[in-house]
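Visitor: Quick one, what's the 3D model for this:
(chains A, B, C and D)
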There are 2 protein chains.
Amino acid sequence: MADDFDLTGFLPYALTQAADALSLEFQNIYKGQYGMLRTEWRVLFHLGQYGPMTAKHICERGRLHKTKVSRAVAALEDKRYLTRTALEFDRRHEELQLTKSGLGVFSSLKAEAHAFDARVRATMTEDEAKVLQRCVMRIAGLETTSP
Amino acid sequence: MADDFDLTGFLPYALTQAADALSLEFQNIYKGQYGMLRTEWRVLFHLGQYGPMTAKHICERGRLHKTKVSRAVAALEDKRYLTRTALEFDRRHEELQLTKSGLGVFSSLKAEAHAFDARVRATMTEDEAKVLQRCVMRIAGLETTSP
DNA sequence: ACGTATTAGTTTGAAATGTAACTAAATTGA
DNA sequence: TCAATTTAGTTACATTTCAAACTAATACGT
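Guide: Numbers count the residues shown, from 1 in each chain, chains lettered A, B, ... in the order given. Purely as a prediction, here's the structure:
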């Protein structure tokens, strides 16, 4: 029997601790500078990174519940970071698109994210970073954009 | 400039997705079988893994806020999984100790956790698993028990 | 010794989340 | 053609979380 199994290394636990540590730190940036919530930042980054899309697509890509997205979209609209346009061919869908202002915030936050990411990766070797990336993406069920 | 930086691989994001995926899956076990919430499972596992301790210690070790621990302890007490004993030398502290029943649940869940962990690790090579473990623990600021 | 400051833990009220019910638009099929 | 179903998104309510105020016990400084 595995009486010596150490729960500290239990992946769901260790991964959560690691994710929380990084997320909380990065939160200071988007929350501190733009008063955004986590889901708002996520919606913003999906629209900035992949271009205009519907809320449904954001839900799928970001694995977010539609109510969360719905509220984040409303908040971002209030901040004038995005606009909605009901699609001609099916008016149930609304295409979400970042405004100039939204794009500006996105690119600023993207730069911060890049710097942040580089800082974290600097604490490991290149090989470690590659393996970490690969394993984490696989566990998350995310696709790597560079195959 | 880093216009090609891919936010999908951004560590706070990818790690959160991975942690969520695993945590949600494991949640089925402790929630489904024992109706426990995440913080309750965490408190249980700290007490089971490291022996009796105060709520304060659990907060520190598990990086949990004291209000969350306070409620989880109350819930576990209701379920008769633990008992509290005010310490003689300072009656502000209460030592938390698992009951027979609590220990039973712990060891059952620990076995499930072990099997679950093994299953996840089976999707990678031994080297990958080692690197992943090391990096994640370092990011999380967790100590490895076997140095 | 005794007023002030700390500390462990609980409670309370506000914000955020998840579930389920709801609205409006479009599709199906009899 | 029009009732029944499906789909995108919102709203309402119940649960969870977070922050700040609170209680009880101890330590500190004079």
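
Visitor: does stretch A:11-23 come close to chain B?
Guide: Yes: counting by C-beta under 8 Å from any C-beta of the partner chain, chain B is contacted by stretch A:11-23 at A:11-23. In this view, the C-beta of every residue, glycine as well, is placed from N, C-alpha and C.

Visitor: of all those, which two lie farthest apart?
Guide: A:11 and A:23 (17.2 Å; C-beta to C-beta).

Visitor: Of those two, give the one with the bigger neighbour count.
Guide: Neighbour count, other C-beta atoms under 10 Å in any protein chain shown: between residue A:11 and residue A:23, residue A:11 has more, with 24 against 16.

Visitor: That one: what's it in contact with?
Guide: A:139, B:22, B:117, B:120, B:121, B:136 (C-beta atoms under 8 Å, 6 or more residues apart in numbering or on different chains).

Visitor: Considering those, which is situated nearest to DNA strand D?
Guide: Nearest to DNA strand D among the contacts of residue A:11, counting by C-beta to the nearest atom of the strand, is residue B:22 at 16.6 Å.

Visitor: got the CA coordinates for the lengthiest strand in chain A in CSV?
Guide: Using DSSP state E, we find that the single longest strand of chain A is strand A:90-98. C-alpha atoms of strand A:90-98 as CSV (Å, rounded to 0.1, in the frame of the first residue of the first chain):
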residue,chain,number,x,y,z
ASP,A,90,-28.7,35.2,-36.9
ARG,A,91,-29.6,38.0,-34.4
ARG,A,92,-29.1,35.7,-31.4
HIS,A,93,-25.3,36.0,-31.9
GLU,A,94,-23.5,39.2,-31.1
GLU,A,95,-20.0,39.8,-32.3
LEU,A,96,-17.8,41.3,-29.7
GLN,A,97,-15.1,43.6,-30.8
LEU,A,98,-12.5,45.6,-28.9
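
Visitor: residues touching the closest residue to residue A:141 other than its chain neighbours, list them.
Guide: Excluding its sequence neighbours, the residue lying closest to residue A:141 (C-beta to C-beta, 6 or more residues apart in numbering or on different chains) is residue B:21, at 6.3 Å. Applying C-beta under 8 Å, 6+ apart, one finds that residue B:21 lies in contact with A:139, A:140, A:141.

Visitor: what's the closest of those residues to residue B:101?
Guide: When the contacts of residue B:21 are compared for distance to residue B:101 (C-beta to C-beta), residue A:139 wins out at 33.2 Å.

Visitor: Any regions of chain A where pLDDT drops low?
Guide: Along chain A, the parts satisfying pLDDT under 70 run over A:1-3, A:144-147.
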